[in-house]
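Visitor: Model the following, please.
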Amino acid sequence: MILANVRQHLTRDDAQLALRLIARGSSDAIEETEVTLRDQGIDALLDDPRLYAGLMVAGQGAHASFPLFAYVVVRHALRDVGEGDRMLADYVASILLHFGLGTRARRVSDSDDETYTTLAELSGALESADAQRSFLVRAHLGNYALWLSGVFPEYIETRRWRKGGPDLDYYETMGRRGFTLAADHRLAAQHGLTALFEAAAARFPVLRQALNNVSDALLFPRHHSPEKLMRQVRMEAKWMLS
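Guide: Residues are numbered from 1 along each chain as shown. So this is what the prediction gives:
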């Protein structure tokens, strides 16, 4: 099950690399950053804009662990669109870490053999008689909708224009539905996940926009299309009006 626990898995090596990337060789900056780490904890380092910059341009940034890189990139992107909740950054980074491996994005859990390729297929499996599976399917509906619409918006837009596929608003509706249903499930309360899923449902458009920005800047920076331009124009207009 995907949890908001990426920061919990960061190591001492991650903290030391973050310190060096922030200091960039300055002895004074190293001392200052060590004090910050000791007094305020690693969150203060993870939020430092110099860390994101270091990961992007410094040679040492290539040695960052995937959890460190994913969390800092997601946290930076979310703060850029006005979302400051660390729990949500942790959760979205966790989705990237899990879904980026093999076929995990198409399965509701690591141990589940059944695969789903569309949100419609997942919707059809929501009312499982097994409470645990029903809960996992609900959460996965939200996760998968966010993954597809956040990381692969051009694929969705291209299919919409060329083959009449669903648009990004459909993925948003389905994602919010999945997270809302997951929050309402009794197992969410038992696992302490109700607040997380409620926040993910309420903030889904912001989470998607942040991932769109990550995708545009880091994953597909050289891809240009009319669909991409129109999506960016629509989102810019939406944010100006919000």
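
Visitor: Now find how far off-centre stretch 192-208 is within its chain.
Guide: Remark: stretch 192-208 is offset 11 Å from the chain centroid, using CA atoms, centre = their mean, to the nearest Å.

Visitor: On the three-state scheme, the nearest residue to residue 65 once chain neighbours are set aside is what?
Guide: Leaving aside its chain neighbours, residue 65 sits nearest to residue 14 (5.7 Å; criterion: CB to CB, 6 or more residues apart in numbering). The C-beta positions use only the backbone N, C-alpha and C, and glycine is treated the same way. Using DSSP: H, G, I helix; E, B strand; the rest coil, the structure places residue 14 in helix.

Visitor: give the contact list for residue 14.
Guide: By CB atoms under 8 Å, 6 or more residues apart in numbering, residue 14 lies in contact with 42, 64, 65, 67, 68.

Visitor: who touches stretch 115-126?
Guide: The contact list for stretch 115-126 (CB under 8 Å, 6+ apart) reads 103, 106-108, 133-134, 137-138, 140-141, 144-145, 170-171, 174, 178, 181.

Visitor: Could you dump the contacts of residue 14 into JSON lines with distance to residue 23 and secondary structure added?
Guide: Formatted as JSON lines, the contacts of residue 14 follow (distance: CB to CB, whole Å; DSSP: H, G, I helix; E, B strand; the rest coil):
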{"residue": "42", "distance to residue 23": "15", "secondary structure": "helix"}
{"residue": "64", "distance to residue 23": "15", "secondary structure": "coil"}
{"residue": "65", "distance to residue 23": "19", "secondary structure": "coil"}
{"residue": "67", "distance to residue 23": "21", "secondary structure": "helix"}
{"residue": "68", "distance to residue 23": "16", "secondary structure": "helix"}
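
Visitor: I'd like to know which of these are buried.
Guide: Neighbour counting by 16 or more other CB atoms under 10 Å classes 42, 64, 67, 68 among the contacts of residue 14 as buried.

Visitor: Show the contacting residues for the second one.
Guide: In this case it means residue 64. 14, 17, 55.

Visitor: Pick the one among these closest to residue 187.
Guide: Nearest to residue 187, judged by CB to CB, of the contacts of residue 64 is residue 14 at 31.2 Å.

Visitor: Cool, thanks, talk later.
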